[in-house]
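1. My questions are about this predicted structure, shown below with the sequence.
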Amino acid sequence: MGIETKKKKSMNVDELRAYRVAYGGKLGAKDFTHYVVLPGVLFGVFSFLLLYNGWVSAICVVIGMIYGVSSLLPKSVRKQYEQNAFSQRNKFLNNITQVLTDDKQTVLMAIGKVTARADGQFKDDLNHFHAMLIGADSERIREAVIWFSGEYDDDVIFMQYLEQLETTMIEGKTNIDTLKDIKTYHNDIRKKQEHYERVKGAHLKDMKQLIIVTIILIVALAVSFGFETYLRAFARHPSGYIASGLYLLILAVFFKQFVGYLFDDSVMEIRKK
């Protein structure tokens with residue numbers, strides 16, 4: 001059975017762990033370091049370099065970590081889950097199409113063979129699907145396909161492929177050309193997704209460089225004026241608090257928008273309209 005929380009917008013630690021272990025991973029210290037500790041440290045460093053106020057920086061660290069726990073970590077875990085699930089579906093389409101090129105193979109026989117090559121949550125769902133099909137009549141076949149499609153209803157191409165398998169099982173005739181066409185289309189979607197991820201990876205690299213340059217500029221500004229002058233005229237001055245507050249607010253908004261772009265895969269969605 002699929003993970004029941006996959007439609008929820010927010011997840012607790014147990015649900016996050018369920019997502020991660022669904023394909024052989026685990027929720028560990030590395031995840032919390034990257035998506036909880038790092039945002040807190042980053043926000044704290046920026047605030048400290050601007051104001052040199054330990055209490056304000058500590059508050060900013062807490063805010064950054066809360067944002068990481070509530071947004072970054074769930075987005076990261078969910079994204080990894082979806083990528084693994086899509087990869088398994090793509091592998092299934094390619095493997096079963098190859099098996100069904102042999103006229104002697106039935107859909108049920110093919111599903112039994114490709115199940116051994118699947119992994120994680122998808123393999124569990126595939127085993128359940130296969131069990132539902134054993135000895136099934138036309139009505140039970142439809143019910144099984146509806147159930148399996150419903151587990152992955154964010155992939156309309158996969159659903160179309162299952163519909164073709166349903167037709168094949170009911171009518172007893174394999175339209176291998178149609179299956180190949182759908183499989184090819186799914187492969188094309190995967191290539192586009194991989195290209196889109198590479199583009200986003202390049203933008204993430206640019207973002208990291210921008211953060212480093214910004215920190216260097218802030219430090220250079222303080223050094224050029226002299227540390228004491230910087231404290232008196234800016235960091236400890238009301239105008240400095242206002243300017244720094246506005247800057248941190250703009251930084252937070254920009255960061256939130258960038259994170260939205262980084263984890264937003266809606267441009268690649270292949271849902272039914």
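-> Okay, I see it. Only a predicted model underlies this, so the values are computations on that prediction, with no experimental measurement involved.
2. Let me see the backbone angles for residue 155.
-> Residue 155 has phi and psi values of phi -120, psi 90 when expressed as degrees, to the nearest 10.
3. That one reaches residue 87, doesn't it?
-> No. Using C-beta atoms under 8 Å, residue 155 is not in contact with residue 87; the gap is 11.5 Å. Bear in mind the C-beta positions are built from the backbone N, C-alpha and C, glycine included.
4. between the two, who's got more neighbours?
-> More crowded of residue 155 and residue 87, by other C-beta atoms under 10 Å: residue 155, with 22 against 16.
5. Quick check: bridge partners of that one?
-> residue 270 (DSSP bridges).
6. what about the nearest residue to residue 69 once chain neighbours are set aside, how many neighbours?
-> Among residues not flanking residue 69 along the chain, residue 36 sits closest, at 5.4 Å (C-beta to C-beta, 6 or more residues apart in numbering). Residue 36 sits with 19 neighbouring residues when counted by other C-beta under 10 Å.
7. check contacts around residue 36.
-> For residue 36, the contact set (C-beta atoms under 8 Å, 6 or more residues apart in numbering) comprises 65, 68, 69, 72, 73.
8. Roughly how far does it sit from residue 138?
-> For residue 36, the distance to residue 138 equals 51 Å [C-beta to C-beta, to the nearest Å].
9. Also residue 259?
-> 48 Å.
10. When these two are compared, which one has more neighbours?
-> Between residue 259 and residue 138, counted using other C-beta under 10 Å, the more crowded position is residue 259 (17 against 11).
11. list the contacts for that one?
-> Counting by C-beta under 8 Å, 6+ apart, residue 259 has contacts 71, 72, 75.
12. Kindly report the same for residue 190.
-> 86, 87, 90.
13. Spell out which helix or strand contains the last one, please.
-> Assigning secondary structure by DSSP states H and E places residue 90 in helix 73-100.
14. So for that helix, mean pLDDT?
-> For helix 73-100, mean pLDDT rounds to 92.
15. List the buried residues for it?
-> 73-81, 84-97, 99-100 (16 or more other C-beta atoms under 10 Å).
16. Stretch 154-167 now?
-> Residues 154-162, 164-167 are the ones in stretch 154-167 that count as buried (16+ other C-beta under 10 Å).
17. can you check stretch 129-145 too?
-> Buried, per 16+ other C-beta under 10 Å, within stretch 129-145: 129, 130, 132, 133, 141, 144, 145.
18. Let's see the distance spanning that stretch from one end to the other.
-> End-to-end distance of stretch 129-145: 8 Å, with C-alpha to C-alpha, to the nearest Å as the criterion.
19. residues contacting residue 109?
-> residue 99.
20. Go through the buried residues of stretch 154-167 and name the one nearest residue 183.
-> residue 161 (7.1 Å; C-beta to C-beta).
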